[in-house]
Every structure is written in structure tokens, then in C-alpha cells.
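Chemist: I would like the atomic coordinates for the input below:
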Amino acid sequence: MKQRNAKILLIIVIASRSISYLLSKIGLNGIPPLELLAIRFALTTLILLLLFHRRLPLLTRHVWKAAGLLGTFLFACMACELISLTTIPSSTAAFLENTSAIWVLVLMAIISHHWPGKQVLTATVLLLIGIACLTLQGAVFHLAPGEIICLTGSVFYAIWICLTARLARQCDPLLLGGSSPYTAQ
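Modeler: Purely as a prediction, here's the structure:
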């Protein structure tokens, strides 16, 4: 992928992820969480099939298994996110979901048996403070069932990130990412 296309894709992903909490909250006004998730996954599948239909013959049993694993964790993450959004503000959900950056750090330290240095830990604490300042905006934070469900989703998201990093080295990343949404359905 060209550098320019990668930057455009990154901007689209960040913009999409940024508005997803708000749009999810709006969607949850009339649609139950798992039904909304099914609609999101179905639409994603259709879009990805249209974009990557030429790569479908390249799918192997190994890619299907890897995509199924990723799709399962992605589904678990998003199910927790949507269920929690029925009871907590979207700003709190955004904060809790973004703690996945810390969970990734912890998971990678456990997997590699190597704890990060002081600079990385300091940067992580500053990241958490920055996320809190940007998203909580005076909201009272406490661990009620909605927050616990959202934190669980954050852990699933961190596992998904770590698995994606590992499996993308073994499989074609486009096939892997493109097939994981419809293997979770």
C-alpha cells in the first residue's frame, strides 16, 4: 500500500471510530444491541465483499480459522460496547474502550515476558490521563455494571489487537481483516 493511501485509510478509520459511539447511541434508541451489531456486521461484510471480492479465491483454511478467531473477539468487544452503551454515556464508553491501549501494553508484556521501560509506562499514564480529559468531561466515574461490561469489551479489543498483530504476520492482512467480520456472524 502506498504511503498516501495508508494515510487516507488511517484518517477514515479514526474518523469512523470517533463517531461510532455517537451513532451507536443513536441507533440503540430503536434497535436492541445485538440486533444493531448484526446490522453493522452485515453492512461491513457487504462493503468488504465489494472491495475485496477478487481476493476471495485466495482464502485458505488457515485464514478462515484465524479470521474466525479475530471475528469472535471483535464480536465480543463490540457486543460489550453496545450493551454498555444502553446504561452509560457515550463519553464514558469512549474512555473505557480506549483503555485498551493500556491492556495491549499489559498483554504484550505478559506475552513477551518483558515489562516496558519507564518512558513507555510514563507515556501510557499520560495517554490514560489525556483520554480521560478528552472523553469524561466532568462525568462521574464509578464501576457500575455498564462500566464493567465496557471494560470487559476493552479487554476483548486489546486481545483482538494483539491477535491481529500476530496473525497478520502469518496471513495476508487484507484477507484476514476482510474475512473476520463475516466469520463472526
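Chemist: so where do the helices sit in this structure?
Modeler: For the chain, applying DSSP state H gives helices covering 3-27, 33-52, 61-85, 90-97, 100-112, 118-135, 145-167, 173-183.
Chemist: Could you identify which of the ones you listed is most buried?
Modeler: Most buried of the helices of the chain, by mean neighbour count (mean count of other CB atoms under 10 Å): helix 90-97, with a mean of 23. Glycine gets a C-beta too; all of them are placed from N, C-alpha and C.
Chemist: So which residue is dead centre in the chain?
Modeler: Centroid-nearest residue in the chain, with CA atoms, centre = their mean: residue 157, separated by 4.7 Å.
Chemist: Pull the contacting residues for that one.
Modeler: If you count contacts by CB atoms under 8 Å, 6 or more residues apart in numbering, residue 157 has them with 73, 77, 97, 100, 103.
Chemist: Could I get the pLDDT score of residue 63?
Modeler: pLDDT, residue 63: 85.
Chemist: mind checking how far it is from residue 171?
Modeler: Separation of residue 63 from residue 171 (CB to CB, to the nearest Å): 5 Å.
Chemist: just residue 24 next, same as before
Modeler: 29 Å.
Chemist: Also residue 57?
Modeler: Counting by CB to CB, the gap from residue 57 to residue 171 is 15 Å.
Chemist: Who has more neighbours out of the two?
Modeler: residue 171 (21 against 6; other CB atoms under 10 Å).
Chemist: Assess the claim that the more buried one and residue 62 are in contact.
Modeler: Yes - here residue 171 reaches residue 62: they are 6.6 Å apart, a contact under CB atoms under 8 Å.
Chemist: okay, and the common contacts of those two?
Modeler: By CB under 8 Å, 6+ apart, no residue touches both residue 171 and residue 62.
Chemist: which ones are touching residue 27?
Modeler: Shown in contact with residue 27 (CB under 8 Å, 6+ apart): residue 36.
Chemist: And it, how far from residue 108?
Modeler: Shown here: residue 27 relative to residue 108, a distance of 33 Å by CB to CB.
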